[in-house]
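Asker: pasting a predicted model and its sequence here:
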Amino acid sequence: MKDRSLIRKCIIGSLAVVVLYIAFGSATAAAGPERVTVSSIRSEKLALTTGQSVILESQSLIKRITVAAPATVDAVVLTPRQVYLTGKAPGLTTVTLWTEGDRISAVFDAEVLPDVARLKGKLYEAFPKEKDIRVNATHESLTLAGSVSSASAMSQVLALAQAYAPLDKDGKQKIINLLEVGGVHQVMLEVRVAEVQRSLAR
């Protein structure tokens, strides 16, 4: 009798272990893929301009590479230790290098800016007399400042800059126009001086 009771207890214990294993396994499967903690890997900043390329060299072998926004950066693995990156369009993205065993080797926060140097060159070629045009850019917008000689010159400068400006959510070029037509502030200053003189004469 004791043997039967002992056997019965063993069977019940084994069944309990099997049930727990099935339940735990189901919960793990429902949670999705294994989570990888990358707190030990610091992301690095990477600045590019549209059309510019850079080669990343890795100390470890590169198994694959992922780009969060492929429309912003193009990535090609040249060798097991080299990656060729090209800025395609202004914006922000994350470039991740993976090594053997699907382990993260490096993470880059890439920012692609408009090609300001090329735009400045085009503006100088098209408007050699307009020497007071300043150009600044971020991945979100293109800013034009300074002064131009006429309103028509301003319109032509803006039209040329549209080809280099980042696109907003609606797909339109985002240009911040701070350009002024030369002489406007000078005329306003002269008017104010005349008004002050008249008030003093009174």
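Answerer: That came through fine. Numbering: from 1, shown residues only.
Asker: now Ser155: which helix or strand?
Answerer: Element membership of Ser155 [criterion: DSSP states H and E] is helix 151-161.
Asker: now the helix or strand following that helix: mean pLDDT?
Answerer: Using DSSP H and E, the helix or strand that directly follows helix 151-161 along the chain is strand 175-181. Here strand 175-181 scores 94 as its mean pLDDT.
Asker: please apply the same query to stretch 49-63.
Answerer: 90.
Asker: for it, how far is the first residue from the last?
Answerer: End-to-end span of stretch 49-63 (CA to CA, to the nearest Å): 27 Å.
Asker: got a list of contacts for it?
Answerer: By CB atoms under 8 Å, 6 or more residues apart in numbering, the surrounding residues in contact with stretch 49-63 are 46, 48, 77-78, 80-90, 97-100, 102, 105-106, 108, 112-118, 164. Every residue, glycine included, has its C-beta placed from N, CA and C.
Asker: now the buried members of those residues.
Answerer: For the contacts of stretch 49-63, a burial check counting by 16 or more other CB atoms under 10 Å picks out 46, 48, 83, 85, 87-90, 97-99, 105-106, 108, 112-116, 164.
Asker: sorry, back to before: in strands, which of the contacts of stretch 49-63 appear?
Answerer: Members of the contacts of stretch 49-63 lying in strands (criterion: DSSP state E): 46, 48, 77-78, 82-87, 97-99, 105-106, 108, 112-113.
Asker: just checking, Val107 touches Thr96?
Answerer: Yes: counting by CB atoms under 8 Å, Val107 touches Thr96, with 5.3 Å between them.
Asker: name the residue in those two with the higher neighbour count.
Answerer: Thr96 (18 against 15; other CB atoms under 10 Å).
Asker: once you drop chain neighbours, what's closest to the more buried one?
Answerer: Thr66 (4.8 Å; CB to CB, 6 or more residues apart in numbering).
Asker: the chain - how does it break down into domains?
Answerer: 1-32, 44-113, 116-188 (automatic domain parsing).
Asker: thinking again about what came up before, how near is the residue nearest to Thr96 to Thr94?
Answerer: Per CB to CB, to the nearest Å, Thr66 is found 8 Å from Thr94.
Asker: who's more crowded, these two?
Answerer: Thr94 (16 against 13).
Asker: shouldn't the more buried one be within a helix?
Answerer: No: secondary structure of Thr94 (DSSP: H, G, I helix; E, B strand; the rest coil): strand, not part of a helix.
Asker: my guess is it contacts Asp109. True?
Answerer: Yes: counting by CB under 8 Å, Thr94 touches Asp109, with 6.0 Å between them.
Asker: list residues touching both of these two?
Answerer: Contacts common to Thr94 and Asp109, judged by CB under 8 Å, 6+ apart, are Ser43.
Asker: pull the helix or strand with minimum mean pLDDT from this structure.
Answerer: helix 2-30 (a mean of 43; mean pLDDT, DSSP states H and E).
Asker: in three-state terms, label Leu123 for me.
Answerer: Going by three-state DSSP: Leu123 is helix.
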